[in-house]
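Chemist: what's the 3D shape of this:
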Amino acid sequence: MKHARFIWLLLIGYFLSISIAQAEENTIAIRMTGQTTQLKMSQVAQNNVMDTDYAAIIAYAPPADSNSISNDKPSTFYQRARSYGTHPESDPPRYARNLAKTGIDAFKDLYWLDLGLDYRVRHELRHNDIRRNRITTDHPVLLRARAYVGIREILDPLRLVVEFEDARRYNGRFPKDNRDWNACELIQTYGELYFKEALGQDDLGNHRPIRIRGGRMAWEAVDRRLLANNQWRNTTNNFEGFRVTFGQEANDWEIDTWAMQPVRLLDKFDRRNKNLWFYGAVGHWRKWSDIVTLQPYYMGLVQDDQGGTVAKKEIHSPAIRAYGVLPNTRIDFDLGAIYQFGRDNGQKKTAWSYLLEFGYTFQQLSWKPRLSAFYGFVSGDRNPDDNLNNRFERFFGFARPWSANDYLVMENIKAPKIRVEFEPHKDLKIDGGYDWFWLASNTDRFNNLLNGSGGNRDRTGNSGDFLGHAIDFRAIYKLMPHVSTTVGYSHWFNGEFVKKRQLAQLGETTAGTNFFYIEVTLSAFN
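Modeler: Here you go, the predicted structure:
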């Protein structure tokens, strides 16, 4: 561990020395060119829309029709995956804008400043929530405020970011927890060294930069299943450490690496977990992105003992993902495979997962409906009495794509799904689906309890493996330029395992559960 930190310090020192030298050269050039420099800066402000730094924003444009013919030369290799719920948050986040692009005359020269203000309120109705230790009806109100400030270009190669969050829950019938409550916290405070032309340019003329970040960060990687900041949840996953990125989203290839310690969400100021390191490297190969984008990646977690009170872990997770559109068709695909090995609480770790999704977009219809089928398998522990642990480690992933009512996480699950998505109006998006859920191993746990009853595992396997099935619906409507609302509903039908094991342990009976919510989001610049 000490050697890894020493290598990071060497890298930072090396690039800091380069940045200081480059800054001195820029200062001399500015003094020599005078008015010419001011003219160039003005041109940057006016033409900032072409800045490939903002390639992340392209990720939230509607999917392009892969069969369309255009004489225009593409400006980016990036292609957005069409799979449901897998799109990482942009960088900077969606609610932040470059002030020069807001259309406000007073801000037209502030090309160097990114700013965001975002407020969200969500009311939930949870009837017979099986995650809880008693069956009842709950009406929590979730509030979240965020503010983002980013400084770019004007101090290059040095860039700075600060992001604040205040998350609270009221009117709930259960004790607050760190999923819903994290008052007055800094979720991002980092400095970045940005070297725009460090690796030259790609074949489309996009700069291939190197970015070195140090501090507190929140971001999402690949399909968000192993690393996410949880946009749905009221609080945010974040980390402290270092991140180095070679290339950018617009390039034909990109490599993102990090060494981080997760931040603990506490009643007082959040602090990093000094006994746990989370490492990773994600590759992006987009040379053939009109057909397929490849993402080979590795994530690893090392947790030290704390006087025997915390299980020691060393888990390695190599994986690959491939997504794209089949040539000359409207059929899209998203395929992934993950393997895990190492040690977990004194046991040997061997776990795996594979994810398959195929979709078809009806481009000839004005609503552009997409119909998709998904199957996900995530291993569970096969034998509770041996020295081999097959339970998949989900790291810091996003649970929301697995179930609309928050009952599932990426652990010990078999889940087939069918979904439909469409846009009847440019400001209205609707999606819905039907899901089925089984335990991958009927002798391992169903990890869905917030206030555990002890009934989430039957080591004998006699409670069966069928968890239940669910139907869900969601509509997202943009009321006005800075206000959007979301309405959602999900009904869960309890399966054999939930009835025999979890509800029996609680002394309760219910055929199913209902979850309804309405959410309103106000964004000052979006």
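Chemist: Show me the shaky parts of this protein.
Modeler: Applying pLDDT under 70 to the chain flags residues 1-72, 306-311, 449-455.
Chemist: Next, please give the residue ranges for the helices of it.
Modeler: Under the criterion DSSP state H, helices of the chain are mapped to 2-33, 35-46, 55-58, 496-497, 504-506.
Chemist: what's near enough to touch residue 146?
Modeler: The contact partners of residue 146, by CB atoms under 8 Å, 6 or more residues apart in numbering, come to 93, 95, 116-119, 163-166, 187. No exception for glycine: its C-beta is placed from N, CA and C like everyone else's.
Chemist: can you do 10 Å?
Modeler: By CB atoms under 10 Å, 6 or more residues apart in numbering, the contact list for residue 146 reads 93, 95-96, 116-120, 163-167, 187-188, 236, 523.
Chemist: Tell me what it is bridged to.
Modeler: Per DSSP bridges, residues listed as beta-bridge partners of residue 146: residue 118, residue 165.
Chemist: Show the buried residues in the contacts of residue 146.
Modeler: Buried subset of the contacts of residue 146 (neighbour count, 16 or more other CB atoms under 10 Å): 93, 95-96, 116-120, 163-165, 167, 187-188, 236, 523.
Chemist: Go through the residues you listed and name the one nearest residue 177.
Modeler: residue 167 (11.3 Å; CB to CB).
Chemist: you'd agree that closest one is up against residue 183?
Modeler: Yes: Residue 167 is in contact with residue 183 according to CB atoms under 10 Å; the separation is 7.1 Å.
Chemist: Mutual contacts of the two, please.
Modeler: With CB under 10 Å, 6+ apart as the test, residue 167 and residue 183 both reach residue 235.
Chemist: and the nearest residue to residue 482 once chain neighbours are set aside, how far is that from residue 142?
Modeler: Closest residue to residue 482 apart from its sequence neighbours, by CB to CB, 6 or more residues apart in numbering: residue 523 at 5.5 Å. Note on residue 523: its distance to residue 142, by CB to CB, to the nearest Å, is 17 Å.
Chemist: repeat for residue 305
Modeler: Counting by CB to CB - residue 305 and residue 142 are separated by 36 Å.
Chemist: next one: residue 254
Modeler: For residue 254 relative to residue 142 (CB to CB), the value is 35 Å.
Chemist: contacting residues for the residue nearest to residue 482?
Modeler: Residues counted as contacts of residue 523 (CB under 10 Å, 6+ apart) are 93-97, 116-120, 146, 481-484.
Chemist: Is residue 338 in contact with residue 296, as I believe?
Modeler: No: assessed by CB under 10 Å, residue 338 is found out of contact with residue 296, at 11.3 Å.
Chemist: how about residue 344, what does it touch?
Modeler: Residue 344 sits in contact with 301, 303, 311-315, 350-351, 388-389, 391, 393, where contact means CB under 10 Å, 6+ apart.
Chemist: Make a PyMOL selection of the buried ones in those residues.
Modeler: Selection of buried members from these for PyMOL, criterion 16+ other CB under 10 Å:
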select buried, resi 301+303+313+315+350+351+389+391+393
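Chemist: Looking at the contacts of residue 344, spot the one nearest residue 504.
Modeler: Using CB to CB, those come closest to residue 504 at residue 391, 23.1 Å.
Chemist: Chain neighbours aside, what residue packs nearest to the closest one?
Modeler: Per CB to CB, 6+ apart, closest to residue 391 is residue 381, 4.5 Å.
Chemist: could you measure the one you found against residue 411, distance?
Modeler: The gap separating residue 381 from residue 411 is 10 Å, by CB to CB.
Chemist: try residue 493
Modeler: 21 Å.
Chemist: More neighbours: which of those two?
Modeler: Counted by other CB atoms under 10 Å, residue 493 and residue 411 do not tie: residue 411 has more neighbours, with 25 against 14.
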